[in-house]
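# Fold the stuff below for me.
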Amino acid sequence: MALMNNRLVWAAVFIASAGLLGFGLYLQHVDHLDPCPLCILQRYAFIATGLVGLVAAVHNPRSVGQTVYAVTLIVFAGIGAAIAGWHVWLQYAPRRNVFECGPGLDYMLETFPLSKALPMIFKGSGDCANIDWSFLGLSIPGWSLVCFILLILGGLGFLTRVLRLPRHATS
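The predicted structure is shown next:
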């Protein structure tokens, strides 16, 4: 029974990540809000967390596998939270700390080596600092940060659950 519950929770991680990506695509293609480079990196983090959830749900591992998937989820969601947190900071930072405009992510990655493109991406651009959409007072990266934190808490919940299970239940 516990393994089935784990499978459902991992499937929920996948569905939540897919839903967030779907909403981002809706905002892009229906509301015509083009994502900035930091938004795109957050999407990659949601793709990674969703894939972890999908693979874990299909695999349905025991304690060691649950631990590996939970740590992987925490890492990917932590990276996403760091990017979203930086993005939120750029939105509320004094404008003199943010570039007024910058090239798109595709251009940066095609034109510059990764070692030069990444610092440019994380400096942000005027697009990254704009707040074009909000709900309940939070911008898109603000909501992304909340979701990444919830995913991290879910991964930590898996870890504590696995670590508390008696050994005979996990074999």
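# And Val64, which helix or strand is it part of?
Assigned by DSSP states H and E, Val64 falls within helix 63-92.
# Going by neighbour count, which residues in that helix are buried?
65-67, 69-70, 72-81, 83-88, 90-91 (16 or more other CB atoms under 10 Å). Bear in mind the C-beta positions are built from the backbone N, C-alpha and C, glycine included.
# tell me which strands and helices that helix is in contact with?
helix 2-29, helix 37-59, helix 126-129, helix 140-164 (3 or more CB pairs under 8 Å, 6 or more residues apart in numbering; DSSP states H and E).
# Swap in 10 Å and give it another go.
helix 2-29, helix 37-59, helix 114-123, helix 126-129, strand 138-139, helix 140-164, helix 167-170 (3 or more CB pairs under 10 Å, 6 or more residues apart in numbering; DSSP states H and E).
# same question for it, mean pLDDT?
Mean pLDDT, computed over helix 63-92, is 89.
# Could you list the low-pLDDT ranges of the chain?
1-4, 94-109, 114, 117-130, 133-134, 165-171 (pLDDT under 70).
# one more time with 80, if that's ok
Low-confidence segments of the chain (pLDDT under 80): 1-4, 32-35, 37, 63, 91, 93-135, 137-138, 162-171.
# measure Phe23 to Ser17 for me?
11 Å (CB to CB, to the nearest Å).
# So which of these two has more stuff around it?
Just comparing Phe23 and Ser17: by other CB atoms under 10 Å the higher neighbour count belongs to Ser17, 27 against 12.
# I'd like the distance between the spatially closest residue to the more buried one that is not a sequence neighbour and Ala77.
In this structure, Ser17 finds its nearest non-sequential neighbour in Gly50, 3.1 Å apart by CB to CB, 6 or more residues apart in numbering. Per CB to CB, Gly50 is found 11 Å from Ala77.
# between those two, what contacts are shared?
Val13, Ser17, Leu151 (CB atoms under 10 Å, 6 or more residues apart in numbering).
# Using PDB, list the CA coordinates for stretch 17-30.
Extracted C-alpha coordinates of stretch 17-30, given in PDB (Å, rounded to 0.1, in the frame of the first residue of the first chain):
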ATOM      1  CA  SER A  17       5.100  20.400 -13.000                       C
ATOM      2  CA  ALA A  18       3.400  19.700 -16.300                       C
ATOM      3  CA  GLY A  19       0.500  21.900 -15.300                       C
ATOM      4  CA  LEU A  20       2.800  24.800 -14.400                       C
ATOM      5  CA  LEU A  21       4.600  24.400 -17.700                       C
ATOM      6  CA  GLY A  22       1.200  24.300 -19.500                       C
ATOM      7  CA  PHE A  23       0.200  27.500 -17.700                       C
ATOM      8  CA  GLY A  24       3.400  29.100 -18.800                       C
ATOM      9  CA  LEU A  25       2.800  28.100 -22.400                       C
ATOM     10  CA  TYR A  26      -0.800  29.500 -22.100                       C
ATOM     11  CA  LEU A  27       0.600  32.800 -20.900                       C
ATOM     12  CA  GLN A  28       3.100  32.800 -23.700                       C
ATOM     13  CA  HIS A  29       0.900  31.800 -26.600                       C
ATOM     14  CA  VAL A  30      -2.600  33.100 -25.500                       C
END
